[in-house]
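Predicted model and sequence follow; I will ask about them next.
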Amino acid sequence: MSLDIKPWLRSNLGRATLLGICPMSEEIVSASLKEAAESSFIPMFVVTPRQVDADRGYTGWSQEELMEFIQSTAQELGYTGPYVVARDHGGPYQSTRDWDRPEVSLEEAMGYAKEIFARDLRSGFNILHVDATEDRSIEGSLELDEVAKRTAALIVYVEDVKGKGCLSDVYYEVGTEEISGGMTAPKSFERFINLLKRQLRGRNCEQAIGRLLFIVGQVGTDMRIDMTNQFDSMQTESLVEIASRHGLFLKVHYTDWLESPLLEQFPKLGVGAANVGPEFAAVVVKSLIELEEKERQTLREAGKTSFSNIVETMEELSVKNAPWRRFAPKGLENEELREFARHHRREIALCVGRYVMKNPSVIEARRRLYENLEEHSSIKNPDQLIIDRVQKAIHRYVKAFNLKC
């Protein structure tokens with residue numbers, strides 16, 4: 001069951017912060033809905049094009065398949081409450097198809113972004129994050145007025161698709177936590193809002209201004225291989241004030257691994273929502289590491305050596321195929337990066353192992369792991385063990401964000 005989230009945000013401003021959960025695996029979706037059934041918080045699933053789209057992101061789901069999995073899992077777990085599904089970082093050069101490909105023209109990248117948004121809309125997504133700050137065909141960052149122009153063009157397109165198809169209304173999230181786009185300072189943050197509204201009015205799409213919901217701001221949080229994070233409460237307070245003045249809610253990305261006392265500041269500061277994903281995916285990877293340790297122990301005791309080797313498989317594929325370099329310490333190049341990978345394979349797998357979970361080698365190793373555990377150990381339901389651990393990690397945020405009813 002979907003939810004009109006704007007009235008909820010208004011009534012809970014200063015009291016609760018909505019939790020955005022990246023559904024990076026089946027276990028994370030199941031753990032989210034299990035927690036929702038037990039504590040009555042409203043889960044919001046946020047998916048990037050590299051995770052979920054018609055081409056199947058690294059989760060293996062299309063938009064329709066994700067929606068079907070959420071609905072069937074909610075029914076299975078007995079959760080009948082509302083949930084929200086949102087596109088995260090939708091826009092040109094954001095998809096697997098055109099990410100990091102400067103040869104892709106802006107026209108092509110905008111065209112594919114429109115395809116994704118149209119399919120999101122038809123699949124029943126509730127919020128679309130229009131992030132037009134990326135452009136792999138140019139050097140440096142886009143000017144704010146160009147970001148606003150592209151953002152408005154995409155919103156106008158979605159409004160047109162919605163109108164022609166008689167589809168349900170959708171809310172919009174704009175801006176980015178990334179440095180590209182130049183909107184991280186409070187003055188630029190507010191200037192972007194004004195530029196976007198001006199663009200929408202100029203395109204005769206003033207009705208979309210009332211559908212603007214979240215604006216993403218940079219408050220010090222980031223994604224790092226060492227799984228540490230920082231938070232700037234003064235910057236947050238400033239951005240919340242600006243967003244509120246324009247009828248918007250501040251959205252924080254990469255909230256992963258912040259300590260609970262810092263998370264507890266979010267509702268008090270008026271943060272509308274915050275996204276978490278890599279931390280929950282790392283719980284899945286860490287659980288698999290611990291399960292393999294149990295597997296090796298029990299097989300040795302049984303005099304067997306048919307180990308799954310799932311950890312070695314994940315480490316090798318994470319270093320080889322996952323985009324870990326984006327999250328490595330700044331300033332490392334070439335041989336330094338290779339040296340870093342040699343010494344930090346485990347940390348890399350924990351940080352970006354989610355990207356390789358659907359690799360056939362990992363799937364097969366996981367099948368063998370579960371088979372060995374079920375046959376030789378007291379662990380008869382490894383999947384449920386992982387779900388329970390992810391739920392515990394989610395519950396920490398539910399409690400800190402004051403979402404437990």
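Yep, that arrived.

and the longest strand for this structure?
The longest strand of the chain (DSSP state E) is strand 84-90.

What is that strand packed up against?
For strand 84-90, the packing partners by 3 or more Cβ pairs under 8 Å, 6 or more residues apart in numbering; DSSP states H and E come out as strand 18-21, strand 44-47, helix 63-77, helix 106-123, strand 127-130. C-beta here means a position set from N, CA and C on the backbone, and glycine is covered the same way.

Below-threshold pLDDT in the stretch 51-200 of the chain: ranges please.
Across the stretch 51-200 of the chain, the ranges flagged by pLDDT under 70 are 178-184.

count of residues packed around the closest residue in space to residue 307 that isn't next to it in sequence?
Using Cβ to Cβ, 6 or more residues apart in numbering and skipping the chain neighbours, the partner closest in space to residue 307 is residue 296 (5.9 Å). Using other Cβ atoms under 10 Å, residue 296 has 16 other residues around it.

Which strands or helices does the helix or strand where residue 296 lies pack on?
Taking DSSP states H and E as the definition, residue 296 sits inside helix 278-301. Under the contact definition 3+ Cβ pairs under 8 Å, 6+ apart, helix 278-301 sits against helix 26-39, helix 310-321, helix 345-352, helix 360-376, helix 382-400.

Just give me how far it sits from the chain centre.
From the chain centre to the centre of helix 278-301 is a distance of 24 Å (Cα atoms, centre = their mean, to the nearest Å).

do the same with stretch 361-377
On Cα atoms, centre = their mean, the centre of stretch 361-377 falls 28 Å from that of its chain.

quick check: domain ranges of this structure?
Here the domain parsing of the chain from automatic domain parsing is 5-277+390-400, 281-380.

List the buried residues for stretch 38-51?
Buried residues in stretch 38-51, counted by 16 or more other Cβ atoms under 10 Å: 41, 42, 43, 44, 45, 46, 47, 48, 49, 50, 51.

before we move on, the earlier item: okay, the helix holding residue 296 in PDB with CA atoms only?
Presented in PDB, the C-alpha positions along helix 278-301 are these (Å, rounded to 0.1, in the frame of the first residue of the first chain):
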ATOM      1  CA  PRO A 278      25.900   0.100   1.800                       C
ATOM      2  CA  GLU A 279      25.800  -0.500   5.600                       C
ATOM      3  CA  PHE A 280      23.000  -3.000   5.200                       C
ATOM      4  CA  ALA A 281      24.600  -4.700   2.300                       C
ATOM      5  CA  ALA A 282      27.800  -4.900   4.300                       C
ATOM      6  CA  VAL A 283      25.900  -6.700   7.000                       C
ATOM      7  CA  VAL A 284      24.900  -9.300   4.400                       C
ATOM      8  CA  VAL A 285      28.600  -9.700   3.300                       C
ATOM      9  CA  LYS A 286      29.800  -9.900   6.900                       C
ATOM     10  CA  SER A 287      27.200 -12.500   7.700                       C
ATOM     11  CA  LEU A 288      28.300 -14.600   4.700                       C
ATOM     12  CA  ILE A 289      31.900 -14.300   6.000                       C
ATOM     13  CA  GLU A 290      30.900 -15.600   9.400                       C
ATOM     14  CA  LEU A 291      28.800 -18.400   7.900                       C
ATOM     15  CA  GLU A 292      31.800 -19.500   5.900                       C
ATOM     16  CA  GLU A 293      33.900 -19.700   9.000                       C
ATOM     17  CA  LYS A 294      31.200 -21.900  10.600                       C
ATOM     18  CA  GLU A 295      31.100 -24.000   7.400                       C
ATOM     19  CA  ARG A 296      34.900 -24.600   7.400                       C
ATOM     20  CA  GLN A 297      34.900 -25.500  11.100                       C
ATOM     21  CA  THR A 298      32.100 -28.100  10.700                       C
ATOM     22  CA  LEU A 299      33.500 -29.600   7.500                       C
ATOM     23  CA  ARG A 300      36.900 -30.000   9.000                       C
ATOM     24  CA  GLU A 301      35.300 -31.800  12.000                       C
END
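
Counting neighbours, which bits of it end up buried?
So helix 278-301, judged by 16+ other Cβ under 10 Å, has buried residues 278-289, 291-292, 294-296, 298-299.

nearest spatial neighbour of residue 247, skipping sequence neighbours?
Closest residue to residue 247 apart from its sequence neighbours, by Cβ to Cβ, 6+ apart: residue 212 at 7.4 Å.

any idea how far residue 151 is from that neighbour?
According to Cβ to Cβ, to the nearest Å, residue 212 and residue 151 sit 10 Å apart.

likewise residue 322?
In terms of Cβ to Cβ, residue 322 sits 29 Å off from residue 151.

ditto for residue 18
From residue 18 across to residue 151, the span is 22 Å (Cβ to Cβ).

repeat for residue 383
Look at residue 383 and residue 151: by Cβ to Cβ, they are 40 Å apart.

Between those two, which has more neighbouring residues?
Just comparing residue 383 and residue 151: by other Cβ under 10 Å the higher neighbour count belongs to residue 151, 24 against 13.

can you pull the contacts of the spatially closest residue to the more buried one that is not a sequence neighbour?
Of all residues beyond its chain neighbours, the one nearest residue 151 is residue 132 (4.6 Å), with distances taken as Cβ to Cβ, 6+ apart. Going by Cβ atoms under 8 Å, 6 or more residues apart in numbering, residue 132 touches 91, 92, 142, 147, 150, 151, 154.

so residue 132, which of the three states?
coil (DSSP: H, G, I helix; E, B strand; the rest coil).

quick one: it and residue 43, what's the gap?
27 Å.

do residue 158 as well
Distance, residue 158 to residue 43, by Cβ to Cβ: 24 Å.

Please dump the contacts of residue 132 into JSON lines; it should also carry distance to residue 376 for every row.
Output for these, formatted as JSON lines (distance: Cβ to Cβ, whole Å):
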{"residue": "91", "distance to residue 376": "49"}
{"residue": "92", "distance to residue 376": "51"}
{"residue": "142", "distance to residue 376": "56"}
{"residue": "147", "distance to residue 376": "56"}
{"residue": "150", "distance to residue 376": "56"}
{"residue": "151", "distance to residue 376": "55"}
{"residue": "154", "distance to residue 376": "54"}
